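>>> from the sequence below, what's the structure:
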Amino acid sequence: MTSLINLGTLNDSFPYSFTESAGTVNTTLEPNTTTCVINDNSMSIPLALAYSLMFVFGLLGNVLALYVFLCVHSKKNSVHVFLVNIAVADLILIICLPFRIIYHSTKNHWMLGQTFCKVVGNTFYMNMYISITLLGFISVDRYIKIQRSVRQYKLQKTKWSIITCCITWGMAIAFIIPMISKPEGNEKVTKCFQYKGRQSAKWKAFFNLAMVVVFWIVYISLMLSYGQIAKKLFKLSREKSDLPNAHKYRQTAKKSFFVLFIFTVCFVPYHMFRVIYIWSQIYGTTCYWTNIIDKTNEVALLFSTLNSCLDPVMFFLLSGSVRKMTVRLLCRNVPSYASTTNSSTTEYQQAKASQVTSSTRASFSIIHSFRQKRLITGI
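Residues are numbered from 1 along each chain as shown. This is a model prediction of the structure:
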């Protein structure tokens, strides 16, 4: 009995080594280690199918979004700059998915070398966190808009958003270079995107932990900013309930909560579990829990990847101009659209003229309300 106890406590700091291959868990005890075989083939086909669907919808959605932003949508402001960069980051992430699809569809067999594996893997995560960071900047930008006057904000224009995006991309590329160039000591030629112990490369684990901290900072800023924006919009809807467009304030507030909903569903489960995943990489755990942690991380990562497909939906719902341009492109019914638009414009001008005739004060109130709404929503 004593010998068995000593055998189980030979190395408390990291008593397990991991072998990523098909098979079952090997619980045979050896003098200094317990070999853990991770069965990562059980989810290979479902993962390949899920990433395939995300690739198709994400590619179509983000290409369409970029086309609308760059070629059709004429409104240029700070939020527009951020949305363009988010669409680019999502598109690059989507382009990484075929490599994951091929890897999982071939029963987790990698054939393109370890260097390219690290390029694809780190590029995937880099663009995911760029998208997260820029969504945070959008929330801050919209919050600033409700705190400043129109004149103050116009002086700022889009300069700060362009500088912020350039700094974000530059820092991301600078951080990704050592992640690709420095070896970990446990690379396997035929493996990629698999669970890895970080006991010999703890600095990478701590860097991943720092990214988790960045996420939670962004998430808190999103909740605070959109909470204040929604509060402001609901307040305006109550104070200006007699105006024709008062209900639009409530609608815009509800759409702001939709952004938070997407962000929460896609990213919160992954980053809640990420702490456990990184801890197991550094300090190790039993083979049973290692297999559970590996599978749970793969499922949570699917939700994070899903955000790249849902971002174009967010663009469509939050921006009325983008929505109109997208519908126009998809329907290809320009004359009918123009006719409807002209008719609506004529009716609006007639209604506005009537309001000006009846009450000059009410007219100015409507114009101010419209400008205030555009200032708060930002897109």
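>>> okay, CA-based contacts and neighbour counts for the rest of this
OK.
>>> helices of the stretch 101-250 of the chain, residue ranges please.
Secondary structure of the stretch 101-250 of the chain, counting by DSSP state H, counting those that start in this stretch: helices at 114-147, 150-156, 159-181, 202-239, 246-283.
>>> could you give the angle of the fourth one to helix 114-147?
I take that to be helix 202-239. Between helix 202-239 and helix 114-147, the angle comes out at 30 degrees (axes from the mean of the first three to the mean of the last three C-alpha atoms, to 10 degrees).
>>> for the record, mean pLDDT for helix 202-239?
In this model, helix 202-239 carries a mean pLDDT of 86.
>>> what residues sit buried inside that helix?
Neighbour-count burial for helix 202-239, counted by 16 or more other C-alpha atoms under 10 Å, picks out 202, 204-205, 208-209, 211-212, 215, 218-219, 221-223, 225-230, 232-234, 236-237.
>>> circling back: export the helices of the stretch 101-250 of the chain to JSON lines and append columns for distance to Asn291.
What follows is the helices of the stretch 101-250 of the chain, written out as JSON lines (distance: least, C-alpha to C-alpha, whole Å):
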{"stretch": "helix 114-147", "distance to Asn291": "21"}
{"stretch": "helix 150-156", "distance to Asn291": "52"}
{"stretch": "helix 159-181", "distance to Asn291": "25"}
{"stretch": "helix 202-239", "distance to Asn291": "19"}
{"stretch": "helix 246-283", "distance to Asn291": "11"}
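>>> just say which of these is most tucked in.
Mean neighbour count, computed with mean count of other C-alpha atoms under 10 Å, is highest for helix 114-147 among the helices of the stretch 101-250 of the chain, reaching a mean of 20.
>>> elements contacting that one?
helix 78-105, helix 159-181, helix 202-239, helix 360-377 (3 or more C-alpha pairs under 8 Å, 6 or more residues apart in numbering; DSSP states H and E).
>>> make it 10 Å
helix 78-105, helix 150-156, helix 159-181, helix 202-239, helix 246-283, helix 287-318, helix 360-377 (3 or more C-alpha pairs under 10 Å, 6 or more residues apart in numbering; DSSP states H and E).
>>> could you give the angle of it to helix 159-181?
Put simply, helix 114-147 runs at 160 degrees to helix 159-181, going by the same axes, to 10 degrees.
>>> which stretches of this structure have low pLDDT?
The model of the chain has pLDDT under 70 over residues 1-35, 73-75, 147-157, 185-186, 239-253, 318-322, 332-379.
>>> and Cys309, how far from Ile92?
12 Å (C-alpha to C-alpha, to the nearest Å).
>>> now for these two: what residues contact both?
Leu59, Asn62 (C-alpha atoms under 10 Å, 6 or more residues apart in numbering).
>>> of those two, who's got more company?
Using other C-alpha atoms under 10 Å as the criterion, Cys309 and Ile92 rank with Cys309 on top: 23 against 19.
>>> the more buried one and Asp90 touch, don't they?
Yes - with contact defined as C-alpha atoms under 10 Å, Cys309 and Asp90 form a contacting pair (8.1 Å).
>>> so for the two, which residues contact both of them?
Common contact partners of Cys309 and Asp90 (C-alpha under 10 Å, 6+ apart): Gly58, Leu59, Gly61, Asn62.
>>> measure Lys255 to Thr264 for me?
Counting by C-alpha to C-alpha, the gap from Lys255 to Thr264 is 14 Å.
>>> same question for Leu49.
Leu49 is 24 Å from Thr264, by C-alpha to C-alpha.
>>> and Leu222, by the same measure?
For Leu222 relative to Thr264 (C-alpha to C-alpha), the value is 10 Å.
>>> with Lys295 instead?
Lys295 sits 21 Å away from Thr264, going by C-alpha to C-alpha.
>>> same check on Leu60?
23 Å.
>>> count the neighbours of the residue nearest to Trp110 when sequence neighbours are not counted for me.
Spatial nearest neighbour of Trp110, excluding adjacent residues (C-alpha to C-alpha, 6 or more residues apart in numbering): Thr190 at 4.5 Å. Close neighbours of Thr190, defined as other C-alpha under 10 Å, add up to 15.
>>> follow-up on the earlier one: out of the helices and strands packed on helix 114-147, which is closest to Asn122?
Smallest distance to Asn122 across these (C-alpha to C-alpha): 6.5 Å, for helix 159-181.
>>> so that closest one versus helix 78-105, what angle?
Using the same axes, to 10 degrees: helix 159-181 against helix 78-105 is 20 degrees.
>>> other SSEs contacting helix 159-181?
Using 3+ C-alpha pairs under 10 Å, 6+ apart: helix 159-181 touches helix 78-105, helix 114-147, helix 202-239.
>>> switch the cut-off to 8 Å
Packing partners of helix 159-181 (3+ C-alpha pairs under 8 Å, 6+ apart): helix 78-105, helix 114-147.
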